[in-house]
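**Q** sequence unknown, structure follows:
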């Protein structure tokens, strides 16, 4: 009699007692070809020992589950929980996506595209259920659902692996990746490391708060530092000298009410031959203070320090009080991280060769973080920051300071959204201040793009780069060009508009990008009301996701390239562009990243929080799979993945994420009243 393989998920996390309990609740089930599981047997978890099971919804193919006789196509035996229903999964995770006032039909949509609360001929509500049919003679292990539930209640790892919530199962996959080649002790240690980036900054030992008034002397400040054993003090402006020093009025004003003075500033005063006894602190204090919320994560603090090249962050609680100072050295000691070292390497680069060394370190950082199981969103945002520093340093090497002061260098596309982890291609532009010219500007742009290519950032196939005059223009010409894009339904104009909507500041005069974003709002409001409907159509251009689900059916005659799934077309692009369209419709143009767009859409009540979380988790799953392909092959585009090379858990999550895409596309189609794509 076949037995459960306790080396495979979800059974590999069971204790000895739990394994014995499961064995007692397991029996063999045989299905002949074309035989289906009857309704009364949809109360079990099944493991496919041999053969193939097809999952159907209203007669429509959904997915395949494979046994060991398909070992060439699958890494291990597939399993499925027959108790899951499309209605329960959608109601728990997807919710109602768009406000009733904006959508064509306010009823929730299930993953088949039907109304989730369909009724029968008598008017009573029915619940959609999956059907399971043997595509060939199939042998199954049938595990009682009650036994699974009992163990899940006590074993959170099993509960996570079998959860009907996509984020929970993706978390389980992330944990398994980080512990794939480790013993149990190392695995547990790695899980601890993985969670560090998500810890609140207050988990780091904070430096105490010491304040002096701005009209106090530098000598007074130095004496305070010495007594406290610190290298800084916070400085209170003269206008607020009579206020309670420990309670700035609201976090949004903390950076205007307080400044910071460091030992470096005092050394600068000494080198300026200032009298420390009489020189007020205000003269050498930095009042452009960056702060961080006590509830923010360590990863956010690291990103802020790296982006703005600062070493200390005042931590503000919910009442607006400064509760401590987060020091860079203390944070680095807490997380044993090395992205700051890469940042220093970039900053100290003197030529293209030394900058190339820093870029190579970014690649190693990506690989190490992915192998350690760090979440793809954390990796991508840090890589975006490090890449921006590379671009800034390279631009500074090429152009004189006056060019930097009169232009704004931006990146676009996935780099602008902070979602391009691999160096797939360049997407950049240069906004020029009106009236400013430089005879070598075109040459500078060519050199910049060429040098970036030599550093491993390939030239853009679509020529969306500053070396193209269309992407190197004065502000007014950019405005005029954007106006044309909004008035024309030419597909290429939609691509150009998508690129500029994803634009993110790198260096130069940031106000130029702010003005472009403001004009995007104006141009959109002045455009045809049906423009956004046409803009949304691109998210549906690759057809129904069902075409991709068919890739899971093993092909007769062995493997074939056609069994690969294009992660970008099937998953990433529909999500990114659909969310971009919703952001455009709701005038959310200040933030280019998909994650921040989702946050803003929730605040605007255009999406539910659960729906936004699910869309983001699905997107990051596709990004992680794409990164895995890039790290294991020489494919710089890293789009194709053969589902049969994935583990059973990864295949299950891939199917689930493709179902999220299908549902999202259905809702976009309904929301914007678009015809069904062929």
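**A** Yep, it's here. Since this is a predicted model, take the numbers as computed values, not measurements.
**Q** and stretch 389-397, which residues are buried?
**A** Of the residues in stretch 389-397, 389, 390, 391, 392, 393, 394, 395 count as buried by neighbour count, 16 or more other Cβ atoms under 10 Å. C-beta coordinates here come from the backbone N, C-alpha and C atoms, glycine included.
**Q** tell me the secondary structure for the fifth one?
**A** Yep, that's residue 393 we're talking about. Secondary structure, DSSP: H, G, I helix; E, B strand; the rest coil: residue 393 is helix.
**Q** equivalent analysis for residue 47, please.
**A** Using three-state DSSP, the structure places residue 47 in strand.
**Q** which residue ranges form the strands in the stretch 301-450 of the chain?
**A** 312-316, 322-327, 407-411, 428-432 (DSSP state E, counting those that start in this stretch).
**Q** between the buried residues of stretch 389-397, which sits nearest residue 440?
**A** Comparing these against residue 440 with Cβ to Cβ places residue 395 closest, at 13.5 Å.
**Q** the closest one against residue 507, yeah?
**A** Yes - at 6.0 Å, residue 395 and residue 507 qualify as touching, with contact defined as Cβ atoms under 8 Å.
**Q** where does the prediction get shaky in the stretch 501-650 of the chain?
**A** Where the stretch 501-650 of the chain drops to pLDDT under 70, the residues are 543-563, 634-638.
**Q** ok, back up a step: between the buried residues of stretch 389-397, which is closest to residue 362?
**A** Here the nearest of these to residue 362, counting by Cβ to Cβ, is residue 390; it sits at 7.5 Å.
**Q** tell me the contacts of the closest one?
**A** Residue 390 is in contact with 346, 355, 358, 359, 362, 455, counting by Cβ atoms under 8 Å, 6 or more residues apart in numbering.
**Q** just the ones of these in helices?
**A** Of the contacts of residue 390, the ones assigned to helices by DSSP state H are 346, 355, 358, 359, 362.
**Q** and for the residue nearest to residue 359 when sequence neighbours are not counted, the neighbour number?
**A** Nearest non-adjacent residue to residue 359, counting by Cβ to Cβ, 6 or more residues apart in numbering: residue 455, 5.0 Å away. The number of residues packed near residue 455 is 18, by other Cβ atoms under 10 Å.
**Q** measure the residue nearest the centre of the chain to residue 457 for me?
**A** When Cα atoms, centre = their mean is applied to the chain, the residue found nearest the centroid is residue 377 (3.7 Å). From residue 377 across to residue 457, the span is 21 Å (Cβ to Cβ, to the nearest Å).
**Q** what's the answer for residue 297, then?
**A** Residue 297 sits 29 Å away from residue 457, taking Cβ to Cβ as the criterion.
**Q** same check, this time on residue 422
**A** Distance from residue 422 to residue 457, counting by Cβ to Cβ: 10 Å.
**Q** one more: residue 498?
**A** Look at residue 498 and residue 457: by Cβ to Cβ, they are 20 Å apart.
**Q** the two - which one has more neighbours?
**A** Each of residue 498 and residue 457 has its neighbours counted (other Cβ under 10 Å); residue 457 has more, 24 against 19.
**Q** what strand or helix carries the more buried one?
**A** Assessed by DSSP states H and E, residue 457 sits outside every helix and strand.
**Q** do residue 27 as well
**A** Using DSSP H and E, residue 27 falls in strand 26-31.
**Q** buried sites along that strand?
**A** 26, 29, 31.
**Q** direction included, what does that strand pair against?
**A** When pairing is defined by DSSP bridges, strand 26-31 lines up against strand 138-144 (antiparallel).
**Q** what sits up against the strand it pairs with?
**A** Strand 138-144 is contacted from outside by 2, 4, 22, 25-31, 33, 41, 43-53, 67, using Cβ under 8 Å, 6+ apart.
**Q** mean confidence score for that strand?
**A** For strand 138-144, the mean pLDDT works out to 93.
**Q** what's the angle from the helix or strand following that strand to strand 26-31?
**A** Scanning forward in sequence from strand 138-144 by DSSP H and E, the next helix or strand is helix 145-154. If you take axes from the mean of the first three to the mean of the last three Cα atoms, to 10 degrees, helix 145-154 sits at 130 degrees to strand 26-31.
**Q** show me what helix 145-154 is packed against.
**A** Contact partners of helix 145-154 among helices and strands, from 3 or more Cβ pairs under 8 Å, 6 or more residues apart in numbering; DSSP states H and E: helix 16-24, strand 44-50, helix 156-161.
**Q** give me the neighbour count for residue 309.
**A** Counted with other Cβ under 10 Å, the neighbours of residue 309 add up to 11.
**Q** mind checking how far it is from residue 393?
**A** Residue 309 is 12 Å from residue 393, by Cβ to Cβ.
**Q** what sits in contact with each of these two?
**A** Contact with both residue 309 and residue 393 is made by residues residue 347, according to Cβ under 8 Å, 6+ apart.
**Q** was I right about the residue nearest to the centre of the chain contacting residue 595?
**A** Yes - here residue 377 lies in contact with residue 595, judged by Cβ under 8 Å, at a distance of 6.5 Å.
**Q** shared neighbours of those two, anything?
**A** Common neighbours of residue 377 and residue 595, using Cβ under 8 Å, 6+ apart, are residue 616.
**Q** how does the chain divide into domains?
**A** 11-84+130-164, 202-337, 375-527, 529-678 (automatic domain parsing).
**Q** for the third one, how far is the first residue from the last?
**A** Right, the one you point to is domain 375-527. End-to-end distance for domain 375-527, by Cα to Cα, to the nearest Å: 39 Å.
**Q** so how far is it off the chain centroid?
**A** Its chain's C-alpha centre and that of domain 375-527 lie 21 Å apart, by Cα atoms, centre = their mean, to the nearest Å.
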